[in-house]
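Peer 1: Just need the structure, nothing else, for what follows:
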Amino acid sequence: MSTVSERLAALRSAMREVGCQAYLIPTGDPHSSEYLPIHYNSREYFSGFTGENSTLVVTLTASALWADGRFFVQAEKELAGTEIQLMRMGEPGVPTVEAYCADALTEGQVLGLCGLTASCRLVRSLQKVLDPKGVEVRTYNLEDQLWTEGRPALPATPAWLLPAEYAGATPAEKLARLRAKLTELGCAAQMVGKLDNLAWLLNLRAMDIECTPYAMAYCFVTQNDAVLFINTDRLASEAKEALAADGVRLAGYDEILPFLNGYGEAQTVLADPDSVNFAVYSALEANPALTVKALADPLLPMKGIKNETELAHTRECHIRDAVAMVRFQKELEERLEAGETLTELTVDEILHKYRSAQDKFLVESFHTIAAYGANAAMMHYHATEADHAVLERKGFLLVDCGGTYMDGTTDITRTYPLGPLTEEERLCYTWTVQSHIDIAKAVWLDYCTGQMLDTIAREPLWQHLINYRCGTGHSVSFVGNVHEGPHSLNGRNQVVFEPGMVITDEPGVYEGGRLGIRIENELECLHKETNQYGRFLCFEPLTWVPIATSPIVPGVLTKDQLDWLNAYHRRVFEQLAPRLNDEERDWLARKCAAIGA
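Peer 2: Residues are numbered from 1 along each chain as shown. Predicted coordinates for the structure are as follows:
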């Protein structure tokens, strides 16, 4: 098996052959997916970095990888021993990908990339700084040429339709909503490239991406037609018939570019540069019959506000998921107390046993993060057979996990004390609890954005000059990917919160080499009251799992915070007790016991 150094050398040789002086490999597939079908893990193949949201740039003499704050520690570890320079995104003095490329290339030189795996937005941002220098961006596909050894095949899992009894609407009803919105936006058609938006629009599901129930496909929607580009052999006859009844025609997945090149009916087509790849976007622009409007995908806010059917199912699925979490924690504690040797990998095994036994379970919503001690400082750490920790009777175990069911998707993190804690661990845990509670109990007027709400969660940590290099929360799909938009809790999000939105609440403290703490619930945004001051909104938990209280330092939580925590634990017991046996209820009662100041 080749090394990173050998792969970079092969890439540079191919670059010289085609005449490009730099090559960019994003974390990407043809659909701007966050989590990729493993066939498209080219950036990982050439760099050795297994995290997300990163970009690799290779010149003839140097290479660099951009990673965000969640992955600084992990990237440092995985890039060690290679030539690749780690670029810590957002840190002072760190150039952007665009600035780095502009500095590395001179007039007449070429930056290469794959047009199918690079979004139009990325290419346009590169062209903006490279065009004035006389540097050309050209599309190649050196990844396919070079990555042949052991490369996974293109995914082609069975595709199926989520019944309307779960989704709350049929594809025909959703297409009608989309067409009305397109008319409002001055468009007659849309190129749907993003898998989560397409999955919502057509209730289409598959398992082409690990832990994410989506099918690799495109959809071209006009006022009178909808063409789904997919490997049609994957669809059962019942699904084909149902789609046809809803006005959806089928075409092969690889027919998308020929279809767009040959399309002859004049249309104004909406295409989102963030989610339509450069090759498809270029085909749209090159067709004289089509006028392209670069607008944000209107499907994103449509699916971001869950309908009443989705919300009702989501609430129920979280209760079943909480039962699995309770049984997991109880077994973990009992086996540790019995003196068993357990590892981070054992955590994953126990969780899967209980979660997969729940009704309507499909798959974990992401690979479980079980991180003991200092490993938890890496926000997206994953234990492996070759590299994992043994659990000890001291310190913290962080467990971030979730499940996707026929009736919802869950995401939860708990930080469990396994024994004696240091004063630093207890204080950081207590401040994290405060941050978690403050956003969960927030009340605000309906003009507030995710950026504004994000500061509420950070304030208890800011008081101690601590921050976390990630958002406070993200939206979660319904029977879909665990991260979606358009709303989130972070310092950049300008989306105004509305009832029906689902968001995670997951502040934390991460100190490299020492500790990592995170507490995460999913929350539902609700209308609280409208009065002479306007419309007030609030959050209600969807997640009902005990939060460890033994690490909390007495006297730090305010009365309001204590009241919220005790009320939350009363609700946890009320929700879960009817679904547990006597021994489990006794255990849960102890975990949900009220605490004082």
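Peer 1: So for the lowest-mean-pLDDT helix or strand in the chain, what gets flagged as buried?
Peer 2: Scoring the helices and strands of the chain by mean pLDDT, DSSP states H and E places helix 72-79 at the bottom, with a mean of 91. Buried residues in helix 72-79, defined by neighbour count with 16 or more other CB atoms under 10 Å: 72-75, 78-79. C-beta: built from backbone N, CA, C; applies to glycine.
Peer 1: now swap in stretch 560-573 and tell me
Peer 2: For stretch 560-573, a neighbour-count test (16+ other CB under 10 Å) marks 561-562, 564-566, 568-569, 572-573 as buried.
Peer 1: Quick check: L542 touching E520?
Peer 2: No: counting by CB atoms under 8 Å, L542 does not reach E520; the two are 11.3 Å apart.
Peer 1: Please say which of those two ends up with more neighbours.
Peer 2: Neighbour count, other CB atoms under 10 Å: between L542 and E520, L542 has more, with 25 against 22.
Peer 1: Ramachandran angles for P486?
Peer 2: For P486, the backbone dihedrals are phi -90, psi -10 (criterion: degrees, to the nearest 10).
Peer 1: Check the gap between it and F497 for me.
Peer 2: From P486 over to F497 the distance is 11 Å, taken as CB to CB, to the nearest Å.
Peer 1: which one of those two has more residues nearby?
Peer 2: Ranked by neighbour count (other CB under 10 Å), P486 and F497 place F497 first, with 21 against 18.
Peer 1: OK, contacts around the residue positioned nearest the centre of the chain?
Peer 2: Nearest to the mean C-alpha position of the chain, counting by CA atoms, centre = their mean, stands H483 at 3.0 Å. Listed by CB atoms under 8 Å, 6 or more residues apart in numbering, the contact set of H483 reads 34, 474-476.
Peer 1: For PyMOL, what selects the buried ones among these?
Peer 2: In PyMOL, this line selects whichever of the contacts of H483 come out buried by 16+ other CB under 10 Å:
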select buried, resi 34+474+475+476
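Peer 1: what's the closest of the contacts of H483 to V509?
Peer 2: Closest approach to V509 among the contacts of H483 (CB to CB): H474, at 18.7 Å.
Peer 1: Now the closest one: which helix or strand?
Peer 2: Using DSSP states H and E, H474 maps to strand 473-475.
Peer 1: Which elements pack onto that strand?
Peer 2: Applying 3 or more CB pairs under 8 Å, 6 or more residues apart in numbering; DSSP states H and E, we find strand 473-475 packed against strand 484-489, strand 502-505.
Peer 1: got CSV for those, with distance to P26 and mean pLDDT too?
Peer 2: Formatted as CSV, these follow (distance: least, CB to CB, whole Å; pLDDT from 0 to 100):
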stretch, distance to P26, mean pLDDT
strand 484-489, 18, 95
strand 502-505, 25, 98
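Peer 1: nearest to A102, of those?
Peer 2: Nearest to A102 among the helices and strands packed on strand 473-475 is strand 484-489 (28.9 Å), distances taken as CB to CB.
Peer 1: Give me the neighbour count for G264.
Peer 2: G264: 9 surrounding residues under other CB under 10 Å.
Peer 1: which residue packs closest to it, ignoring adjacent ones?
Peer 2: Excluding its sequence neighbours, the residue lying closest to G264 (CB to CB, 6 or more residues apart in numbering) is A289, at 5.4 Å.
Peer 1: Check Q109 too.
Peer 2: Leaving aside its sequence neighbours, Q109 sits nearest to Q21 (CB to CB, 6+ apart; 4.3 Å).
Peer 1: How much space separates the one you found from R124?
Peer 2: 20 Å.
Peer 1: In terms of neighbours, single out the busier of the two.
Peer 2: Neighbour count, other CB under 10 Å: between Q21 and R124, Q21 has more, with 20 against 14.
Peer 1: quick one: that one and E107 touch, right?
Peer 2: No: with contact defined as CB under 8 Å, Q21 does not reach E107; the gap is 11.3 Å.
Peer 1: what's near enough to touch the closest residue to P26 other than its chain neighbours?
Peer 2: Leaving aside its chain neighbours, P26 sits nearest to T55 (5.0 Å; criterion: CB to CB, 6+ apart). By CB under 8 Å, 6+ apart, the residues touching T55 are 24-27, 43, 65-66, 97.
Peer 1: Out of those, list just those in strands.
Peer 2: Applying DSSP state E to these, the entries found in strands are 24-26, 65-66.
Peer 1: measure the closest residue to D225 other than its chain neighbours to T183 for me?
Peer 2: In space, and not counting its chain neighbours, D225 is closest to R249: 6.7 Å by CB to CB, 6+ apart. Remark: distance between R249 and T183 (CB to CB) = 21 Å.
Peer 1: could you check the angle strand 484-489 makes with whichever strand or helix holds E524?
Peer 2: E524 is part of strand 521-531 when elements are defined by DSSP H and E. For strand 521-531 against strand 484-489, the angle by axes from the mean of the first three to the mean of the last three CA atoms, to 10 degrees is 70 degrees.
Peer 1: Please shift the residue numbers so they start at 56 in all later answers.
Peer 2: Right, with 56 as the first residue, what we last looked at is strand 576-586.
Peer 1: List the buried residues for strand 576-586?
Peer 2: Using 16+ other CB under 10 Å as the test for burial, strand 576-586 gives 576-580, 583.
Peer 1: and what of stretch 114-129?
Peer 2: Residues 114, 118-129 are the ones in stretch 114-129 that count as buried (16+ other CB under 10 Å).
Peer 1: Let's have the residues you listed in TSV, adding distance to L452.
Peer 2: Shown next, in TSV, are the buried residues of stretch 114-129 (distance: CB to CB, whole Å):
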residue	distance to L452
T114	42
S118	36
A119	34
L120	30
W121	31
A122	25
D123	25
G124	22
R125	19
F126	21
F127	22
V128	18
Q129	18
